[in-house]
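1. 3D, please:
(one chain, ligands or ions: 2)
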Amino acid sequence: ACSSKYVLSQMHPMWQEPLEVPGGDHQSPIDIAVKKAVFDSDLKPLESSYDPQTCQQIWNNGYSFLVEYDDTTDKNILKGGPLQDKYRLCQFHFHWGESNDWGSEHTVDRRLFPAELHLVHWNSDRYTLFEEAVMEENGLAVIGIFLKVGKRHEGLQKLVDALPAIRHKDSVVEFNRFDPASLLPSNIDDYWTYHGSLTTPPLTESVTWIVMKQHIEVSHDQLAVFRSLLFTSAEEEVQKSMVNNFRVQQPLRGRTVRSSFT
Ligand SMILES: COc1cccc(CN2CCc3cc(OS(N)(=O)=O)c(OC)cc3C2)c1
Ligand SMILES: [Zn+2]
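-> Ligands and ions are numbered 1, 2, ... in the order given. Model (predicted):
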């Protein structure tokens, strides 16, 4: 479901950041300047409905770890908010730092968070495959949720316990019955939204970003297990810790960030 070896060949921890993606003026991530965000009363509440039974595997793709869902039916749907169509969840993953001082891709008034969760969805009203949607302007919708270090996140622990089994790049383990809704903050009505791109290859400008205002809390120890993952495969002599797997921030290029709240 929405995974492709193609991307693996493109990516290793320090994949060469193209200086400019050709015609790339809608790149991500960005800083969200709260005062410059424009309240849009037409933005509806987000509606999500996920089926934990459709969780398939968790794997280390050499840049993050991905929890993948069966996206061959409309069982995991996101709609409403800024979206005109319905979007299917195909995977979620995280970005994090080597310390708790940084790690998120987006920032809020330049404030960095220790990690950021991305739930990647594609437009199943207009396209039949992720691979198609990934090339289209209205193809993808990614929910971004900031993580802060604090109390232990009970929902996350099942995922944390699976990580030692996928320490190396390309390792995959079966993973079922994981409810992505358990990772959502209690308030999903307050968010910022803007048009941007994937932050990993193919970097296509096909993403309606929906960045939640409310963060979730995970414990220091849970985040430490993320950092025990490796960028490198078992065969490589030098093992590299999977940390700082976030992209550098990109110019806004005149885009407006809208907010669903005042
Ligand atoms: C044509 O490129 C692809 C086609 C099918 C599947 C893929 C795999 N790819 C999709 C998008 C994506 C996006 C990712 O991050 S992000 N921040 O959402 O851009 C990501 O982070 C680890 C991994 C992947 C995996 C790429
Ligand atoms: Zn991401």
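2. okay, the lengthiest helix in the chain in PDB with CA atoms only?
-> Longest helix in the chain, counting residues (DSSP state H): helix 154-162. This file holds the C-alpha atoms of helix 154-162, laid out as PDB (Å, rounded to 0.1, in the frame of the first residue of the first chain):
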ATOM      1  CA  GLU A 154      -0.400   4.900  25.800                       C
ATOM      2  CA  GLY A 155      -1.500   4.600  22.200                       C
ATOM      3  CA  LEU A 156       2.000   5.000  20.900                       C
ATOM      4  CA  GLN A 157       3.500   2.300  23.100                       C
ATOM      5  CA  LYS A 158       2.400  -0.600  20.800                       C
ATOM      6  CA  LEU A 159       4.300   1.100  18.000                       C
ATOM      7  CA  VAL A 160       7.300   1.800  20.100                       C
ATOM      8  CA  ASP A 161       7.500  -1.900  21.100                       C
ATOM      9  CA  ALA A 162       7.700  -2.900  17.400                       C
END
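3. ok, which stretches of the stretch 151-262 of the chain are strands?
-> 172-174, 191-196, 207-212, 216-218, 258-259 (DSSP state E, counting those that start in this stretch).
4. quick one: which of these is nearest Val120?
-> Proximity of these to Val120 was assessed by C-beta to C-beta; the nearest stretch is strand 207-212, lying at 8.6 Å. For the C-beta atoms, the positions are set from N, CA and C on the backbone; glycine is no exception.
5. got the contact list for the longest helix of the chain?
-> If you take C-beta atoms under 8 Å, 6 or more residues apart in numbering as the criterion, helix 154-162 is touched by 58, 67, 173, 175, 178-179, 182-183, 218, 222, 225-226.
6. Most widely separated two among those residues?
-> Across those (C-beta to C-beta), the longest gap, 20.7 Å, separates Val173 and Val218.
7. Relative to ligand 1, which of the strands of the stretch 151-262 of the chain is closest?
-> Taking C-beta to the nearest ligand atom, strand 207-212 is the member of the strands of the stretch 151-262 of the chain nearest to ligand 1, at 7.3 Å.
8. who's in contact with the closest one?
-> Contact with strand 207-212 is made by 28, 32, 46, 81-83, 106, 138-146, 184-185, 187-188, 190-198, as judged by C-beta under 8 Å, 6+ apart.
9. pretty sure Phe261 is touching Asp190, no?
-> Yes: Phe261 lies in contact with Asp190 (C-beta atoms under 8 Å); the separation is 4.2 Å.
10. Since that was my last question, I'll sign off now.
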